[in-house]
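> Dropping the sequence and predicted coords here.
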Amino acid sequence: ISIGRDGESVDVLNEAIVKPQLLPPKGTIVATTKRLLARGEGSYQFLARTGEATALGEIVLARALGGSVEITGPASIPGMARLRDRMIELGAEHVLVDGSIDRVAAASRALTDAVVLCTGAVLGPDVESIGRATVRFARRFVYLGPANCKYSSGPDSITKPGRTTVVDANGTSRRLPASTTLFTDTEELRNTLGDLAGPFAVHAQGAVTGRFVEALARLPSSCGSVIEVEDATRWFAGSCSSRWMCAHGLKVAIRETIPVAYLTVNPVDPGFPHRITDCEALVRRVAAEVPDIPVIDVLSGTYAEGRA
């Protein structure tokens, strides 16, 4: 399944970028559309319609019998999950979900059991800049520790859809709209939480942005507080580094860890195919910073064994 589109000969958004063909092993079940099947050069066995609509037509499931194929999938996580379950019903033993640039929702534990992070030369002109960007992103998955909040509001209030819960040191809770963690500003948050006398826990539903975290840090009572999110795909506060969080007395915890199986590195920037990064150096650079993840150069096969 792809959360976008894959297997086309040139990139849909940039025709200057040539993409490799997708050649699934015989017997592989793929999610695609009739329109994309007609474009492919391979043969297939039609399996089922799904009722999942996309801009490319209804998603259908087919069994690859040889040759190239283009794949796609629904844009929503619930739609992807329904498709995953249907593929398993049809006999799939493992389902691979192809993500897309910055669309981390596909790595959610609601959809997948583990994630393969992909990085490469597209992130920067040299090993150091690529390494910094890669490590910053990978740590989001590896080092956001399991939830261990001092204050708990109980399972009912934490899991109530569409609501964010704030619990103070006395166990008193108050509910906030889920959008608070996306769009709130300092004044709005001060009006809502300014009367709290000490540290508290925020059990967030949905995404948490840097804007919210920065506003939270300006509250007099925020030092020692914890922000709890569902998983690493919900943390969009990249501007708030671990050092920044520590300096402001804030901690972040996640309710569900997303295992990282591998981190792959591509030394070629599709926009500048003649510029080849020293991938062996990049693999070493990343592996030294995130030793818990095996790092693989997808072109040369260079491999740095992690401790995972």
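Perfect, thanks for sending it.
> Please report phi then psi for Asn191.
In this entry, Asn191 is assigned phi and psi values of phi -70, psi -30 (degrees, to the nearest 10).
> for the protein, what are the low-confidence residue spans?
Residue ranges of the chain with pLDDT under 70: 101-102, 143-162, 301-308.
> Please, where are all the helices along it?
Using DSSP state H, the helices of the chain run over 34-39, 77-89, 127-142, 155-159, 180-183, 186-193, 210-217, 242-247, 279-289.
> Run through the neighbouring helices and strands of the fifth one.
If you count contacts as 3 or more Cβ pairs under 8 Å, 6 or more residues apart in numbering; DSSP states H and E, helix 180-183 packs onto helix 186-193, strand 208-209, helix 210-217. Where you see a C-beta, it was placed from the backbone N, CA and C, and this is true even at glycine.
> Could you rerun that using 10 Å?
With contacts taken as 3 or more Cβ pairs under 10 Å, 6 or more residues apart in numbering; DSSP states H and E, helix 180-183 sits against strand 163-168, helix 186-193, strand 208-209, helix 210-217.
> which residues sit in contact with Ile71?
1-2, 4-8, 22, 24, 30-33, 36, 40, 59, 62, 64, 96, 98 (Cβ atoms under 10 Å, 6 or more residues apart in numbering).
> are any of the residues you listed buried, and which?
Buried residues within these, counting neighbours by 16 or more other Cβ atoms under 10 Å: 1-2, 4-8, 22, 24, 30-33, 36, 40, 59, 62, 64, 98.
> Give me the distance between the most centrally placed residue in the chain and Ile227.
The residue lying closest to the centre of the chain (Cα atoms, centre = their mean) is Val104, at 2.2 Å. Separation of Val104 from Ile227 (Cβ to Cβ, to the nearest Å): 18 Å.
> And Leu216, by the same measure?
7 Å.
> who touches both of those two?
Common neighbours of Leu216 and Ile227 (Cβ under 10 Å, 6+ apart) are 181, 200, 202, 208, 237, 240, 250.
> Tell me the buried residues within the residues you listed.
181, 200, 202, 208, 237, 240, 250.
> Out of those, which sit inside strands?
Using DSSP state E, 200, 202, 208 are the members of those that sit in strands.
> ok, what's across the strand from the first one?
Beta-bridge pairing of Phe200 under DSSP bridges involves Asp168.
> Count the residues that sit near Cys223.
12 (other Cβ atoms under 10 Å).
> meant to ask about Leu196, not that
Other residues lying near Leu196 total 18 when counted by other Cβ under 10 Å.
> For it, list the residues it contacts.
By Cβ under 10 Å, 6+ apart, the contact list for Leu196 reads 166, 168-169, 172, 174, 219-222, 225.
> What about those residues, which one has the most neighbours?
Of the contacts of Leu196, with other Cβ under 10 Å as the count, Ser225 tops at 26 neighbours.
> picking that back up, which residues are in contact with the residue nearest to the centre of the chain?
Residues near Val104 by Cβ under 10 Å, 6+ apart: 115, 117, 137, 140-141, 207, 231-236, 258.
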